[in-house]
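A.B. asks: Build me a model from this:
(chains A, B and C)
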Amino acid sequence: MTPKTNAGRFFEDYCVGEVINHAVPRTVGGGERALYHALYPARAALYSSDEFARACGLAASPLDDLIAFHVVFGKTVPDISLNAIANLGYGEGRWLAPLWPGDTLRAWSEVIGVKQNSNGQSGVVWVRTTGVNQRGKAVLSYVRWVMVRRRSPGIAPQTVVPALADVVAAWDLVVPEGLDFSNYDFALAGEPHRLGDYTVGEVIDHIDGVTVEEAEHMLATRLWQNTARVHFDVTARDGGRLIYGGHVISMARALSFNGLANAQMIVALNGGTHANPCIAGDTVRAWSQVLDMAETPAPGVGAIRLRTVAVKGDGTGLKGADGRYLPHVLLDMDYWALIPV
Amino acid sequence: MTPKTNAGRFFEDYCVGEVINHAVPRTVGGGERALYHALYPARAALYSSDEFARACGLAASPLDDLIAFHVVFGKTVPDISLNAIANLGYGEGRWLAPLWPGDTLRAWSEVIGVKQNSNGQSGVVWVRTTGVNQRGKAVLSYVRWVMVRRRSPGIAPQTVVPALADVVAAWDLVVPEGLDFSNYDFALAGEPHRLGDYTVGEVIDHIDGVTVEEAEHMLATRLWQNTARVHFDVTARDGGRLIYGGHVISMARALSFNGLANAQMIVALNGGTHANPCIAGDTVRAWSQVLDMAETPAPGVGAIRLRTVAVKGDGTGLKGADGRYLPHVLLDMDYWALIPV
Amino acid sequence: MTPKTNAGRFFEDYCVGEVINHAVPRTVGGGERALYHALYPARAALYSSDEFARACGLAASPLDDLIAFHVVFGKTVPDISLNAIANLGYGEGRWLAPLWPGDTLRAWSEVIGVKQNSNGQSGVVWVRTTGVNQRGKAVLSYVRWVMVRRRSPGIAPQTVVPALADVVAAWDLVVPEGLDFSNYDFALAGEPHRLGDYTVGEVIDHIDGVTVEEAEHMLATRLWQNTARVHFDVTARDGGRLIYGGHVISMARALSFNGLANAQMIVALNGGTHANPCIAGDTVRAWSQVLDMAETPAPGVGAIRLRTVAVKGDGTGLKGADGRYLPHVLLDMDYWALIPV
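C.D. replies: As a prediction, the model looks like this:
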């Protein structure tokens, strides 16, 4: 047996300032779109119909924003999270251009922070990941931080904790070129609610639930070329296969159609926490809270800041008295979406 | 919690003459086709090969006729059957134009009948649904009737029961423009049987069986953007997830290739009954009976009227002495298909 | 019940020299590609990115070589292996042209050998199968031999056992037109190892494992229009559904990315044995051994001959003292792949 295979990086392999080019560029198209619709109850009209997208000023229906996220995320796994103990959080995520059928994505990550844990056996690594298309245009950028094992005990590197914004400022949101909601067809979109119909603080229960199956989350996770063993190999972890956190993100987002049908495009990921593991057999539900609203320069286009929480089972509440997420909470995500004003 | 989500319509919300425009238009293409072939053992040559379709006078291989049906049906669910107790039947279904990759479908339904049940708590609603493509051309039209709950007890509306034809007349079948079976390649199609090789009354056992899985029927049902909770959420119904009836329709139709390989295009749905629920683990088989035959004006193109029955398990027979379907019968469908003469 | 359905051929129906044209030509495209990536952890850059493929001299990213194999194999099932007792082996497989999105494949098989078993109830049939595209260009050719039941006992036909090469000679490998690895980007491809970094005899453990699910192998097998009942109908065989052997081939090949990321294109299948059945719940792993190396006339393009072995569970070793495969071995495959020198 020879060392031809990738054992992944360990904590001591990350150096602030290093740029890691991720392997295996990926061309995506109508096949990935169809699978996305089969895997998640996604119904946003802008991502379902070329005609609807054209009526909103786009050339055609782009691929779902989270396809861009998953493909880029998948590229990073062999370099960033193969030896991760935990995927701790996301921040400063911005969608910078739509992903069109036929586009090819590649990605790189810059190491922007490291902090060894006091046990000397692991540490936290922060990376800023950028995904670009075949024209060199950035499609997506986000920060992720993970806890990674050390290969062997050793002296801690200089701690660098990046200063991250709690939220992407509304004026930093990138509205896709040409987007125009002036003549938005609410009937075709599925709900009558425009930005002004929501109020900050309002909570929406998305009602629907999906009981997830092993075959489904594996199909999804492979589609994004995410190679982490725990998602596929039942022997890799006590308790069976762990569902890729991004599967829960897409499930929650798709479920949120029921009440947020017009929150069409995700343009920023302010934060996100995978609060508890999700496994096959769990029934995933979601609720959202309106956190903020903003204008954009594009005609008829506003922005809504949402917290979407995915839960399993019947528990209620978010965090316990100790400030920790309750066991039924799977995901707590904070993002901006574009919506007709 | 605010009333942003769609609670669906109740019996008293339907008014004869009303036209309901369904939301979320949908562009379909090669991705949906590939998934259809992965989900069902579909092998009809006209829907498998562009070359075969061109040799039959078409521009390319259209998407399977049942993709059009499922997409249109899916659009109607939030408006018609979210509070349905039972999907009672189909009739007067006609395919009016092929569905091509890249087409965008939208749909509306006209309420054509209402009849409150004697218990005052529910009623039957009849709708005629039309699916049109992006050129405004009707692709599909059919009548469906469902039993829907009342929101609250109340006075029954005037009963209107539409007069529906038992069968679409042969002269009302629409043959796709250009279709020509004069030089039909029976060897490539998979079976030698032309229309004249069948006799009215003949029964064909399609032999093959498929044991259905949760992941499969959910992938299919989501692909058609059908949002009914009972198909996805194991907690929504005693006995677990109910398989979308259309999944059984497509399964039975695909299984019927073995013996009906040349019954290429579905052009009418005369009737259809979901006789018993289908759940994961059921092994679905099918048999068909030839009900009628007809000529069409297109060269070499005949029409065959078929009853296709889907069953589970090992039971035999169709109906009991009481005239009710036996418990192993899942589907009883009556349709016209185009076949070389 | 009438004899409209295909009962399949029996041993006495095969005659050396006969050419069997297989039914149902198939157009493949981006949808099949996406499903392939969802079903298997396939990551070879040449099949993932149009940009990467163009940088290697191709017009675009071809469809995975094994898609060509599976589609052609699927075509043969109704004529060759519907009554097969066992799929005994493969040999002299050669990929002759890339499969592009939009191509339509059809296939035929020539019977090149028959040998009745001494029990008089079955026999071995050898066929050479050729898959061609819509331009009449051969895409793939391979020999397969299967054990098939006799319909009824009878006199044995003249035994003909074809002389098959143990290995496709390196000079018979067809390198796709234009392929050029001179400027191959190893970082984008995912591993730094070129042909010269491997040694004959070297063994690579591909580490990763996938626990297979019923829904997945059925989706795959249907996608290739493979109709053998044992893969779909849980009642067709004691012990449940048997996973199509080709599913294991693709799984092993995809797993081999980890250590063989640059062995991009399969150009020959020297041999292959399905050593033991695979069923849902098995966790599939793979290891490979380098058997040989060769040059090709194309710039920067070498060939590596690999044995890839798929196993389930935790067993080690390949064959027992009796020369038979150990029970944990699923597949033993010998093939040539193209790799940068």
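
A.B. asks: So which residues on chain A come close to chain C?
C.D. replies: Proximity of chain A to chain C, by C-beta under 8 Å from any C-beta of the partner chain, involves residues A:1-2, A:4-6, A:21, A:23-27, A:29-32, A:34-35, A:78, A:102, A:104, A:106, A:134, A:213-216, A:218-220, A:222-223, A:225, A:227, A:229, A:232-236, A:241. From N, CA and C alone the C-beta is placed, and that goes for glycine too.

A.B. asks: Please flag which of these sit within helices.
C.D. replies: If you go by DSSP state H, the residues of chain A next to chain C have A:30-32, A:34-35, A:78, A:214-216, A:218-220, A:222-223 in helices.

A.B. asks: Hmm, residue A:310 and residue A:318 touching each other?
C.D. replies: No - the criterion here is C-beta atoms under 8 Å, and residue A:318 misses it with residue A:310 at 11.3 Å.

A.B. asks: anything in contact with each of those two?
C.D. replies: Here residue A:318 and residue A:310 have residue A:329 as joint contacts, going by C-beta atoms under 8 Å, 6 or more residues apart in numbering or on different chains.

A.B. asks: neighbour count winner among these two?
C.D. replies: Each of residue A:318 and residue A:310 has its neighbours counted (other C-beta atoms under 10 Å in any protein chain shown); residue A:310 has more, 28 against 16.

A.B. asks: Can you confirm whether the helix or strand containing that one lies near chain B?
C.D. replies: Element membership for residue A:310 (DSSP states H and E) is strand A:301-312. No - using C-beta under 8 Å from any C-beta, strand A:301-312 stays clear of chain B, coming no nearer than 10.8 Å.

A.B. asks: List the strands paired with that strand, with their directions.
C.D. replies: The strands beside strand A:301-312 in its sheet (DSSP bridges) come out as strand A:283-295 (antiparallel), strand A:329-340 (antiparallel).

A.B. asks: Just say which of these is most tucked in.
C.D. replies: strand A:329-340 (a mean of 25; mean count of other C-beta atoms under 10 Å in any protein chain shown).

A.B. asks: Now for residue A:25: which residues touch it?
C.D. replies: A:104-106, C:45, C:48-49, C:51-52, C:188.

A.B. asks: Dihedrals phi and psi, residue A:72?
C.D. replies: The phi/psi pair for residue A:72 (degrees, to the nearest 10) reads phi -60, psi -50.

A.B. asks: Tabulate the ones in helices among the residues of chain A next to chain C in TSV, adding columns for pLDDT, neighbour count and distance to chain B.
C.D. replies: Output for these, formatted as TSV (pLDDT from 0 to 100; neighbours: other C-beta atoms under 10 Å in any protein chain shown; distance: C-beta to the nearest C-beta, whole Å):
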residue	pLDDT	neighbour count	distance to chain B
A:30	97	25	4
A:31	98	28	4
A:32	98	28	7
A:34	98	24	3
A:35	98	26	7
A:78	94	23	27
A:214	98	25	7
A:215	98	26	4
A:216	98	28	5
A:218	98	27	9
A:219	98	24	8
A:220	98	25	10
A:222	98	25	14
A:223	97	25	12
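
A.B. asks: Beta-bridge partners for the residue of the stretch 51-200 of chain A found nearest chain C, please?
C.D. replies: Closest to chain C within the stretch 51-200 of chain A is residue A:104: 4.6 Å, counting by C-beta to the nearest C-beta. Using DSSP bridges, the beta-bridge partners of residue A:104 come out as residue A:27.

A.B. asks: mind listing the strands for chain A?
C.D. replies: A:19-21, A:26-27, A:84-95, A:104-116, A:122-132, A:138-149, A:203-205, A:210-211, A:265-274, A:283-295, A:301-312, A:329-340 (DSSP state E).

A.B. asks: so which of those gets nearest residue B:98?
C.D. replies: Among the strands of chain A, strand A:26-27 comes nearest to residue B:98, with 28.4 Å by C-beta to C-beta.

A.B. asks: residues in contact with the closest one?
C.D. replies: Residues contacting strand A:26-27 (C-beta under 8 Å, 6+ apart): A:71, A:74-75, A:102-106, A:225, C:48-51, C:61.

A.B. asks: Can you tell me which of those lies closest to residue B:168?
C.D. replies: Nearest to residue B:168 among these: residue A:102, at 40.8 Å, using C-beta to C-beta.

A.B. asks: So the closest one sits against residue A:33, correct?
C.D. replies: No - counting by C-beta under 8 Å, residue A:102 stays clear of residue A:33, with 11.2 Å between them.

A.B. asks: Comparing the two, which shows the higher neighbour count?
C.D. replies: With neighbours defined as other C-beta under 10 Å, residue A:102 and residue A:33 compare such that residue A:33 has more, 28 against 15.

A.B. asks: From chain B, how far off is the more buried one?
C.D. replies: Going from residue A:33 to chain B by C-beta to the nearest C-beta, to the nearest Å gives 6 Å.

A.B. asks: what residues does the stretch 51-200 of chain A put near chain B?
C.D. replies: Close to chain B, as judged by C-beta under 8 Å from any C-beta, the stretch 51-200 of chain A has residues A:51-52, A:61, A:187-191, A:193, A:197-198.

A.B. asks: Could you tell me which of those residues count as buried?
C.D. replies: A:51-52, A:61, A:188-191, A:193, A:198 (16 or more other C-beta atoms under 10 Å in any protein chain shown).

A.B. asks: Could you measure from residue A:278 over to residue A:232?
C.D. replies: Using C-beta to C-beta, to the nearest Å, residue A:278 is found at 15 Å from residue A:232.

A.B. asks: and the two? which has more neighbours close in?
C.D. replies: When residue A:278 and residue A:232 are compared for neighbours, residue A:232 comes out ahead with 26 against 22, by other C-beta under 10 Å.

A.B. asks: Contact partners for the nearest residue to that one once chain neighbours are set aside?
C.D. replies: Closest residue to residue A:232 apart from its sequence neighbours, by C-beta to C-beta, 6 or more residues apart in numbering or on different chains: residue C:210 at 4.6 Å. By C-beta under 8 Å, 6+ apart, the residues touching residue C:210 are A:218, A:232-233, C:41, C:251, C:255, C:283-284.

A.B. asks: got TSV for those residues, with distance to residue A:174 too?
C.D. replies: Conversion of the contacts of residue C:210 to TSV gives the following (distance: C-beta to C-beta, whole Å):
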residue	distance to residue A:174
A:218	33
A:232	35
A:233	39
C:41	33
C:251	40
C:255	39
C:283	43
C:284	43
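
A.B. asks: and the residue nearest to residue A:313 when sequence neighbours are not counted, what does it touch?
C.D. replies: With sequence-adjacent residues excluded and distances taken as C-beta to C-beta, 6+ apart, residue A:313 is closest to residue A:328, at 5.1 Å. Contacts for residue A:328 were tallied using C-beta under 8 Å, 6+ apart; they are A:276, A:311-316.

A.B. asks: how much space between residue A:328 and residue A:315?
C.D. replies: On the measure of C-beta to C-beta, residue A:328 and residue A:315 end up 3 Å apart.

A.B. asks: repeat for residue A:251
C.D. replies: Computed as C-beta to C-beta, the residue A:251 to residue A:315 distance reads 17 Å.

A.B. asks: cool, and residue A:88?
C.D. replies: Distance of residue A:88 to residue A:315, given as C-beta to C-beta: 23 Å.

A.B. asks: still on that earlier bit, the residue of the stretch 51-200 of chain A closest to chain C against residue C:45, yeah?
C.D. replies: No - with contacts counted by C-beta under 8 Å, residue A:104 stays clear of residue C:45, the gap being 10.6 Å.

A.B. asks: ok so, going back, just the buried ones among the residues of the stretch 51-200 of chain A next to chain B now: which is nearest residue C:298?
C.D. replies: residue A:61 (39.6 Å).

A.B. asks: residue contacts, that closest one?
C.D. replies: A:46-50, A:52-53, B:27.

A.B. asks: Could you rerun that using 6 Å?
C.D. replies: By C-beta atoms under 6 Å, 6 or more residues apart in numbering or on different chains, the residues touching residue A:61 are A:47, A:49-50, A:53.
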